[in-house]
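> Return a 3D structure for these sequence lines:
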Amino acid sequence: MELKLDLGCGQNPKEGFDGVDLYAPNAKYKVDLFKFPYPFEDNSVDEIHCSHFVEHLPCREVEARDIAVDLLEATRFRNQDFFFAFFDECYRVLKPEGTMFVAVPFGRNTRAFQDPTHRRFIMAETFGYLWKPWREANRLDHYNVRCNFASDVRPIVMEEMNLLAPERAAHKMNVEWNAVLDLHVTLKPVK
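This next block holds a predicted model:
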(Lines give C-alpha, C1' and ligand atoms only; values in the text may rest on other atoms or scores of the structure.)
Protein backbone atom coordinates (compact mmCIF):
# COMPACT_ATOMS: atom_id res chain seq x y z
CA MET A 1 0.00 0.00 0.00
CA GLU A 2 1.30 3.45 -0.93
CA LEU A 3 2.19 5.93 1.77
CA LYS A 4 1.69 9.53 0.67
CA LEU A 5 2.23 12.29 3.24
CA ASP A 6 1.17 15.93 3.26
CA LEU A 7 3.68 17.53 5.64
CA GLY A 8 2.39 20.57 7.50
CA CYS A 9 -1.03 19.96 5.97
CA GLY A 10 -2.87 22.55 8.07
CA GLN A 11 -6.67 22.54 7.86
CA ASN A 12 -6.85 20.84 4.45
CA PRO A 13 -4.71 17.78 3.75
CA LYS A 14 -4.16 17.25 0.03
CA GLU A 15 -6.63 14.75 -1.40
CA GLY A 16 -5.14 11.27 -1.55
CA PHE A 17 -2.48 12.10 1.07
CA ASP A 18 -2.32 11.45 4.81
CA GLY A 19 -2.00 14.73 6.68
CA VAL A 20 0.96 15.23 9.00
CA ASP A 21 0.56 18.17 11.38
CA LEU A 22 0.68 18.61 15.13
CA TYR A 23 -2.30 20.95 15.38
CA ALA A 24 -4.50 20.31 12.34
CA PRO A 25 -7.75 18.55 13.30
CA ASN A 26 -7.86 16.52 10.06
CA ALA A 27 -4.26 15.29 10.19
CA LYS A 28 -3.92 11.51 10.34
CA TYR A 29 -0.50 11.80 11.99
CA LYS A 30 -0.12 14.26 14.87
CA VAL A 31 3.60 14.94 14.46
CA ASP A 32 5.68 17.93 15.51
CA LEU A 33 7.66 18.57 12.33
CA PHE A 34 10.03 20.77 14.35
CA LYS A 35 11.28 17.66 16.21
CA PHE A 36 13.68 15.14 14.71
CA PRO A 37 13.73 12.36 13.64
CA TYR A 38 10.29 11.89 12.14
CA PRO A 39 8.34 8.72 13.12
CA PHE A 40 8.47 7.12 9.68
CA GLU A 41 10.74 4.28 8.58
CA ASP A 42 13.63 4.75 6.17
CA ASN A 43 12.56 4.45 2.50
CA SER A 44 8.90 3.99 3.46
CA VAL A 45 7.17 6.96 1.83
CA ASP A 46 6.13 7.02 -1.82
CA GLU A 47 5.32 10.69 -2.12
CA ILE A 48 5.55 13.86 -0.03
CA HIS A 49 3.51 17.00 -0.54
CA CYS A 50 4.60 20.10 1.36
CA SER A 51 2.81 23.35 0.55
CA HIS A 52 3.69 26.59 2.31
CA PHE A 53 5.46 25.01 5.26
CA VAL A 54 9.20 25.31 4.53
CA GLU A 55 9.15 29.10 4.98
CA HIS A 56 8.00 28.51 8.58
CA LEU A 57 11.06 26.42 9.53
CA PRO A 58 13.06 28.08 12.30
CA CYS A 59 16.05 30.00 11.02
CA ARG A 60 18.60 28.42 13.34
CA GLU A 61 20.50 25.24 14.03
CA VAL A 62 18.80 22.21 15.54
CA GLU A 63 19.07 22.27 19.33
CA ALA A 64 18.62 19.61 22.03
CA ARG A 65 14.97 20.67 22.47
CA ASP A 66 14.35 19.74 18.81
CA ILE A 67 15.40 16.10 19.21
CA ALA A 68 12.59 13.60 19.82
CA VAL A 69 14.89 10.70 20.78
CA ASP A 70 17.93 10.10 22.98
CA LEU A 71 20.60 12.66 22.10
CA LEU A 72 23.17 9.93 21.51
CA GLU A 73 20.99 8.51 18.74
CA ALA A 74 20.57 11.92 17.11
CA THR A 75 24.14 13.08 16.63
CA ARG A 76 23.51 13.54 12.92
CA PHE A 77 21.36 16.59 13.74
CA ARG A 78 24.03 18.28 15.85
CA ASN A 79 24.98 21.70 14.43
CA GLN A 80 22.62 21.21 11.50
CA ASP A 81 20.56 24.04 10.08
CA PHE A 82 16.82 23.40 10.46
CA PHE A 83 16.33 23.69 6.69
CA PHE A 84 18.82 20.88 6.06
CA ALA A 85 17.48 18.74 8.92
CA PHE A 86 13.98 18.96 7.44
CA PHE A 87 15.08 17.95 3.93
CA ASP A 88 17.43 15.26 5.25
CA GLU A 89 14.46 13.68 7.07
CA CYS A 90 12.32 13.86 3.92
CA TYR A 91 15.17 12.27 1.95
CA ARG A 92 15.55 9.53 4.59
CA VAL A 93 11.88 8.50 4.57
CA LEU A 94 11.32 8.75 0.79
CA LYS A 95 11.67 5.61 -1.27
CA PRO A 96 14.42 5.81 -3.94
CA GLU A 97 11.75 6.21 -6.65
CA GLY A 98 9.72 8.63 -4.51
CA THR A 99 8.85 12.24 -5.22
CA MET A 100 8.54 15.34 -3.09
CA PHE A 101 6.56 18.43 -4.10
CA VAL A 102 7.28 21.72 -2.33
CA ALA A 103 5.45 25.04 -2.74
CA VAL A 104 6.91 28.18 -1.16
CA PRO A 105 6.33 31.90 -1.63
CA PHE A 106 9.10 33.36 -3.79
CA GLY A 107 11.67 35.29 -1.78
CA ARG A 108 11.28 38.42 -3.93
CA ASN A 109 7.55 38.68 -3.38
CA THR A 110 5.55 40.51 -0.73
CA ARG A 111 3.80 37.21 0.05
CA ALA A 112 7.08 35.90 1.48
CA PHE A 113 7.25 38.74 4.02
CA GLN A 114 3.61 39.52 4.82
CA ASP A 115 3.12 36.60 7.23
CA PRO A 116 4.98 37.37 10.47
CA THR A 117 5.48 33.63 11.09
CA HIS A 118 7.61 33.20 7.94
CA ARG A 119 11.23 32.65 8.97
CA ARG A 120 12.88 31.83 5.64
CA PHE A 121 12.88 33.52 2.27
CA ILE A 122 13.40 31.01 -0.51
CA MET A 123 14.85 31.65 -3.95
CA ALA A 124 14.96 29.16 -6.83
CA GLU A 125 18.69 28.73 -6.26
CA THR A 126 18.11 27.65 -2.65
CA PHE A 127 17.19 24.18 -3.86
CA GLY A 128 20.68 23.71 -5.34
CA TYR A 129 21.92 23.26 -1.78
CA LEU A 130 19.94 20.02 -1.60
CA TRP A 131 21.84 18.44 -4.53
CA LYS A 132 25.16 16.83 -3.62
CA PRO A 133 26.95 17.46 -6.96
CA TRP A 134 26.08 21.17 -6.74
CA ARG A 135 27.39 21.37 -3.16
CA GLU A 136 30.59 19.60 -4.23
CA ALA A 137 31.06 21.86 -7.26
CA ASN A 138 30.67 24.91 -5.03
CA ARG A 139 32.97 23.46 -2.34
CA LEU A 140 30.22 23.38 0.27
CA ASP A 141 31.06 19.92 1.59
CA HIS A 142 31.45 21.50 5.05
CA TYR A 143 27.67 22.08 5.15
CA ASN A 144 26.03 19.56 7.45
CA VAL A 145 23.56 18.09 4.95
CA ARG A 146 23.23 14.55 3.60
CA CYS A 147 20.31 14.66 1.18
CA ASN A 148 20.80 14.47 -2.55
CA PHE A 149 17.74 15.76 -4.40
CA ALA A 150 17.56 16.53 -8.09
CA SER A 151 15.11 19.40 -8.45
CA ASP A 152 12.81 20.94 -11.01
CA VAL A 153 11.95 24.49 -9.90
CA ARG A 154 9.04 26.25 -11.61
CA PRO A 155 8.11 29.87 -10.97
CA ILE A 156 4.40 30.59 -10.58
CA VAL A 157 3.58 33.97 -12.08
CA MET A 158 0.58 36.24 -12.58
CA GLU A 159 -1.37 35.31 -15.73
CA GLU A 160 -0.46 38.54 -17.53
CA MET A 161 3.22 37.54 -17.41
CA ASN A 162 2.39 34.79 -19.89
CA LEU A 163 1.37 37.44 -22.43
CA LEU A 164 4.84 38.99 -22.50
CA ALA A 165 7.62 38.09 -24.89
CA PRO A 166 9.76 35.36 -23.31
CA GLU A 167 12.78 37.68 -22.99
CA ARG A 168 10.73 40.38 -21.25
CA ALA A 169 9.06 37.87 -18.93
CA ALA A 170 12.45 36.36 -18.01
CA HIS A 171 13.85 39.83 -17.27
CA LYS A 172 10.88 40.72 -15.05
CA MET A 173 11.14 37.43 -13.17
CA ASN A 174 14.85 37.97 -12.51
CA VAL A 175 14.81 41.59 -11.37
CA GLU A 176 11.34 42.85 -10.47
CA TRP A 177 9.61 42.54 -7.13
CA ASN A 178 6.32 40.56 -7.14
CA ALA A 179 6.80 39.21 -10.69
CA VAL A 180 6.97 35.65 -9.32
CA LEU A 181 4.37 34.60 -6.74
CA ASP A 182 5.49 31.15 -5.66
CA LEU A 183 7.97 28.42 -6.50
CA HIS A 184 6.68 24.92 -7.22
CA VAL A 185 9.49 22.43 -6.82
CA THR A 186 9.63 18.73 -7.61
CA LEU A 187 12.41 16.90 -5.79
CA LYS A 188 13.61 13.42 -6.71
CA PRO A 189 15.95 11.56 -4.38
CA VAL A 190 19.23 10.40 -5.90
CA LYS A 191 20.25 7.44 -3.71
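
> Lowest-scoring secondary structure element of the chain by mean pLDDT?
Counting by mean pLDDT, DSSP states H and E, the weakest-scoring helix or strand in the chain turns out to be helix 166-175, with a mean of 87.

> Next secondary structure after that helix?
strand 180-189 (DSSP states H and E).

> helices and strands around that next one, which ones?
When contacts are defined as 3 or more C-beta pairs under 8 Å, 6 or more residues apart in numbering; DSSP states H and E, strand 180-189 sits against strand 94-105, strand 149-157. Backbone N, C-alpha and C define where each C-beta goes, glycine included.

> ok, which stretches of this structure are strands?
With DSSP state E as the criterion, the chain has strands at 4-7, 18-20, 45-51, 94-105, 149-157, 180-189.

> Dump the ones you listed into a markdown table; add distance to residue 166 as well.
Supplementary listing: the strands of the chain in a markdown table, determined by distance: least, C-beta to C-beta, whole Å:
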| stretch | distance to residue 166 |
| --- | --- |
| strand 4-7 | 34 |
| strand 18-20 | 39 |
| strand 45-51 | 28 |
| strand 94-105 | 24 |
| strand 149-157 | 12 |
| strand 180-189 | 15 |
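
> So which of those strands is the most surrounded?
strand 4-7 (a mean of 24; mean count of other C-beta atoms under 10 Å).

> Partner strands of it, with direction?
For strand 4-7, the paired strands and their directions (DSSP bridges) read strand 18-20 (parallel), strand 45-51 (parallel).

> Give me the buried positions along the least confident helix or strand of the chain.
169, 172, 173 (16 or more other C-beta atoms under 10 Å).

> Can you tell me how far the closest residue to the second one other than its chain neighbours is from residue 125?
Read that as residue 172. Ranked by C-beta to C-beta, 6 or more residues apart in numbering and with sequence neighbours excluded, the top spatial neighbour of residue 172 is residue 179, at 4.3 Å. Computed with C-beta to C-beta, to the nearest Å, the distance linking residue 179 and residue 125 is 16 Å.
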